[in-house]
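**Q** predicted model and sequence follow; I will ask about them next.
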Amino acid sequence: MLVNSAPVSGVMKNGGVCTNLEEFLSTLDIPPFNSNTYQKEHDNIPTAWEKVAENEMYYAAMEEKHLAVRAG
């Protein structure tokens, strides 16, 4: 995961928004993202989550198929 994606993803998973990330980063003495960077990551992350979910479902289905064939 890219360095900008990880904190934005973490905030999104917890139901937070850009200001929550800014507050968190300020407690760590880390400069905040500008709003365009945050928004770009915020827009891209759901697509990445969707791709991961699709892959996981595919592999789970293939495992189920394999187990069913093996069980007869």
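**A** Ah, there it is.

**Q** pLDDT on stretch 32-39, on average?
**A** Averaging pLDDT along stretch 32-39 yields 89.

**Q** the chain should start at 106 in everything you say after this.
**A** Will do, 106 is the new start, and the previous item becomes stretch 137-144.

**Q** let's see the pLDDT reported for the spatially most central residue of the chain.
**A** Residue closest to the mean C-alpha point of the chain, counted by CA atoms, centre = their mean, is Ser114 at 4.6 Å. With respect to pLDDT, Ser114 scores 91.

**Q** low-confidence stretches in the protein?
**A** Counting by pLDDT under 70, the ranges of the chain that qualify are 106.

**Q** would you map the strands across it?
**A** Along the chain, no stretch is classed among the strands by DSSP state E.

**Q** quick one: stretch 154-162 to chain centroid distance?
**A** 11 Å (CA atoms, centre = their mean, to the nearest Å).

**Q** in it, what's buried?
**A** Of all the residues in stretch 154-162, not one is buried under the rule 16 or more other CB atoms under 10 Å. The way it works is simple: take the backbone N, C-alpha and C, and place the C-beta from them, glycine included.

**Q** tell me the contacts of Asn125?
**A** Neighbouring residues of Asn125 by CB atoms under 8 Å, 6 or more residues apart in numbering: 116, 119.

**Q** who touches the closest residue to the residue nearest to the centre of the chain other than its chain neighbours in this structure?
**A** Nearest in space to Ser114, with sequence neighbours left out and distances taken as CB to CB, 6 or more residues apart in numbering, is Ile150 at 5.3 Å. By CB under 8 Å, 6+ apart, the residues touching Ile150 are 110, 113-114, 117.
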